[in-house]
Structure formats: C-alpha cells, structure tokens
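Colleague: Below: sequence and its predicted model.
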Amino acid sequence: MNKLLEIKGLKTYFYSDDGVVPAVDGVDIVIHEGETVGIVGESGCGKSVTSLTAMRLTPGKVVEGSIKFNGKNILALSDHEIRAIRGNEMAMIFQEPMTSLNPVFTIGQQIGEAVQIHMNYSKQKAKERAVEMLKLVGIPRAEQIVDEYPHQLSGGMRQRVMIAMAMACNPKLLIADEPTTALDVTIQAQILDLMKELKEKHKTAIMMITHDLGVVAEMCDRVIVMYSGKVVEESDVISLFTNPKHPYTQGLMKSVPSLDGEEKRLYSIQGSVPIPGSLREGCSFAPRCEFAMSICKQAMPRLEEVETGHLCRCWLHSTDQGGIQDEATAR
Ligand code: SF4
Ligand code: MG
C-alpha cells in the first residue's frame with residue numbers, strides 16, 4: 001500500500017501569555033491509500049490539532065516536523081496550492097455540522113461550491129453534482145432539499161450534507177473529527193454505515209478522530225492512541241482490542257457508556273489529561289496510572305515496537321532499562 005499521508009516528528013505549539021503549550025509534541029502518523037486510521041484519546045490529547053495541522057488549518061505554530069500528502073510537502077506549499085488541495089484531495093467533516101454549514105446559502109450552493117472551484121463545473125453542472133451527492137448519502141427528496149437551507153434539516157441530515165460536501169470532489173483522504181458525536185445512537189450508526197459504504201466504493205482513506213472506541217472497532221483498520229500531545233500506542237485494530245498494552249488504552253477500553261447512550265465516560269481513569277507540557281519530566285500519564293513506578297516520574301519512555309506492528313510508549317513494555325519489567329511484575 002502506498003503512503004498517502006506521512007506526518008513525521010510533528011510539533012505544533014501554542015504560545016500565550018501563560019507560556020508554551022506543546023499541543024502536538026513529536027507525532028508520527030502514516031495513513032496509506034484507502035486505509036482508515038483511528039486517532040483516539042480524550043479531548044485535549046492533540047488529535048484535532050494534529051489533523052488541523054495536516055490541513056494547514058491549525059491556529060498553533062508548527063515548530064518541527066514534516067507533513068507529506070500524496071507526494072507534496074504540505075508545510076512548504078503556497079496558500080494558493082494548499083487551497084487547491086483542501087476540500088478537493090483532502091476533505092474534512094466536523095462534529096457539529098451547523099457551525100460548518102453556512103446558514104445563508106442553500107445546501108446545493110454549498111455542495112456545488114467545492115466542485116465549481118476544484119473541478120471547474122458550471123453552475124448547472126454543480127447543482128446536478130449536488131443532487132447526485134445528496135442521493136449518494138441517502139438524503140430523500142434530493143431535488144427538493146438541494147434548494148433548502150441548513151436550518152430546514154435535522155442534525156442527522158445536516159451531517160449527511162457535510163459528508164456529501166466532503167465527498168463531492170472524490171477526496172483521497174477524508175478527515176473526520178468526531179463525526180457522529182453530536183448525533184443520537186441510531187443516526188450515529190447510519191452515518192458510520194454510510195461512511196463505510198463510501199470508503200469501500202471510492203477507496204477513500206479516512207483519518208477518524210474519536211474518543212469512542214466503539215467507532216474505532218466499527219470503522220478502522222489501524223489505531224493510534226494519543227495522550228497529552230504524543231502517540232502512546234499504535235497497532236492494527238484487532239491487536240489493540242485483544243491485547244491493549246498501554247495503561248491509558250486499557251483504561252479507555254474499560255470506559256462505560258452512560259445509560260442514555262449519549263456520552264461515553266472514562267469512569268476507569270481518574271483525573272484528567274494534563275495540559276501538554278505542564279509535566280516537565282517523565283511519562284505524562286503517570287499521575288493517573290495505577291502502574292506508575294519511580295522511573296515513570298523521571299523519564300519519558302520511547303514509542304517502541306513491542307510486537308510486530310504494535311507500538312507502545314510505556315516503561316512496562318520498554319527494552320530500554322534493565323530491571324523495569326521485574327519491578328513491574330513485582331507489584
Ligand atoms: Fe504508567 Fe509508567 Fe507506563 Fe506511564 S510509563 S503508562 S506511568 S507504567
Ligand atoms: Mg477535538
């Protein structure tokens with residue numbers, strides 16, 4: 001499989017009066033053509049900033065690293081060049097479609113805009129494409145809906161419109177940031193099915209950003225778990241679910257969905273994600289980790305391949321320091 005997106009050693013920092021926040025702190029991510037990769041973690045882990053940086057939309061500053069997409073050096077492109085890629089070869093859908101859709105334009109105008117810009121379609125052809133896309137994402141009465149405004153549609157329908165917009169130019173990569181979080185469970189399942197269908201039909205690669213491991217199990221080929229601006233575990237979906245190695249991942253696995261099904265809470269992990277950079281030394285998960293050892297507070301472990309294709313950043317699994325395994329098993 002060819003590499004479609006290759007992020008190497010990425011550091012995206014935010015600067016404020018209170019200091020520097022390394023929101024993304026040395027992240028490597030590869031997404032191959034047609035592959036669906038889940039980026040998992042609680043909010044504040046750096047998932048969204050990573051994806052926004054990949055599209056050159058981050059409000060933070062890239063201080064180090066490289067991003068290659070489809071052979072192009074994203075960070076070196078001119079604004080004009082990046083605009084030609086965004087919404088075309090690389091498209092994005094967000095959690096809250098109401099904030100991403102423009103209330104004063106019709107659905108048809110908004111879907112049509114991308115194809116007019118990127119594919120040089122006439123107004124008429126763009127509207128036909130919009131109708132075609134609305135049908136593709138399962139919106140009934142597409143010929144009528146195309147002339148309606150976002151507020152006239154339900155949340156689930158608006159999310160379908162967002163997907164139609166994102167898919168209108170046949171992107172090679174779709175970045176989906178919590179695409180179903182704001183929706184109720186039934187609609188959620190429908191949207192995931194739709195995305196699965198589209199990716200199979202069009203061979204679109206997907207970067208699926210989510211805090212929901214159910215979504216990962218359903219959709220993804222590979223998973224990257226992020227914590228406090230760093231990748232802490234990475235593997236194919238099956239080994240992650242059958243053999244999660246990092247204590248943070250194990251905690252996420254134990255998370256219990258609330259009874260109304262609306263939100264998954266991380267009952268099993270006490271505390272919250274530290275502001276990246278606030279802990280100067282050691283593993284950033286140490287304050288919440290039930291396995292923390294003395295070394296964990298002194299040095300940050302490397303992301304190491306602990307089994308073929310399975311990477312983990314944890315002293316429990318590290319080969320770097322003799323005796324750590326023993327200390328761990330002695331507990
Ligand atoms: Fe826990 Fe230590 Fe592993 Fe960090 S390195 S996750 S503190 S055991
Ligand atoms: Mg986010």
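Modeller: Alright, I've got the coordinates. Ligands and ions are numbered 1, 2, ... in the order given.
Colleague: Might you report the residue contacts of Leu198?
Modeller: Counting by C-beta atoms under 8 Å, 6 or more residues apart in numbering, Leu198 touches 136-137, 163, 167, 204. Yep, even glycine has a C-beta here, placed from its N, CA and C like the rest.
Colleague: try Gly19
Modeller: Neighbours of Gly19 in contact, by C-beta under 8 Å, 6+ apart: Gly277.
Colleague: change it to 7 Å
Modeller: Listed by C-beta atoms under 7 Å, 6 or more residues apart in numbering, the contact set of Gly19 is empty.
Colleague: about what we covered before: show me which of the contacts of Leu198 is closest to ligand 1.
Modeller: Ranked by distance to ligand 1 (C-beta to the nearest ligand atom), those are led by Thr204 at 34.1 Å.
Colleague: Could you report the neighbour count for that closest one?
Modeller: Neighbours of Thr204 under the rule other C-beta atoms under 10 Å: 22.
Colleague: Who does the closest residue to it other than its chain neighbours form a beta bridge with?
Modeller: Excluding its sequence neighbours, the residue lying closest to Thr204 (C-beta to C-beta, 6 or more residues apart in numbering) is Leu174, at 5.2 Å. Bridge pairing for Leu174 (DSSP bridges) gives the partners Ala91, Ile206.
Colleague: ok, now how distant is Arg129 from Val146?
Modeller: Going from Arg129 to Val146 by C-beta to C-beta, to the nearest Å gives 10 Å.
Colleague: Was I right to think Arg222 contacts Ile238?
Modeller: No: Arg222 is beyond contact range of Ile238, at 10.0 Å (criterion: C-beta atoms under 7 Å).
Colleague: of the two, who's got more company?
Modeller: Neighbour tally, Arg222 and Ile238, criterion other C-beta under 10 Å: the higher count belongs to Arg222, 20 against 11.
Colleague: residues touching that one, list them.
Modeller: Counting by C-beta under 7 Å, 6+ apart, Arg222 has contacts 35, 37, 236-237.
Colleague: Show the average pLDDT along stretch 75-85.
Modeller: Stretch 75-85 comes out with an average pLDDT of 95.
Colleague: List the buried residues in that stretch.
Modeller: 77, 82, 85 (16 or more other C-beta atoms under 10 Å).
Colleague: Just those residues: which are in helices?
Modeller: Judged by DSSP state H, the buried residues of stretch 75-85 include 82, 85 as members of helices.
Colleague: Next, format the buried residues of stretch 75-85 as CSV and append distance to Ile67.
Modeller: As requested, the buried residues of stretch 75-85 are exported to CSV (distance: C-beta to C-beta, whole Å):
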residue, distance to Ile67
Leu77, 10
Ile82, 11
Ile85, 11
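Colleague: And stretch 291-308, how far out from the chain middle?
Modeller: 24 Å (C-alpha atoms, centre = their mean, to the nearest Å).
Colleague: That stretch near ligand 1 at all?
Modeller: Yes: judged by C-beta under 6 Å from any ligand atom, stretch 291-308 comes into contact with ligand 1 at 291-293, 296, 301.
Colleague: Separate out the buried members of those residues.
Modeller: 292-293, 296, 301.
Colleague: any chance of these in CSV, with secondary structure and pLDDT too?
Modeller: Below are those laid out as CSV (DSSP: H, G, I helix; E, B strand; the rest coil; pLDDT from 0 to 100):
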residue, secondary structure, pLDDT
Ala292, coil, 95
Met293, coil, 96
Cys296, helix, 95
Pro301, coil, 95
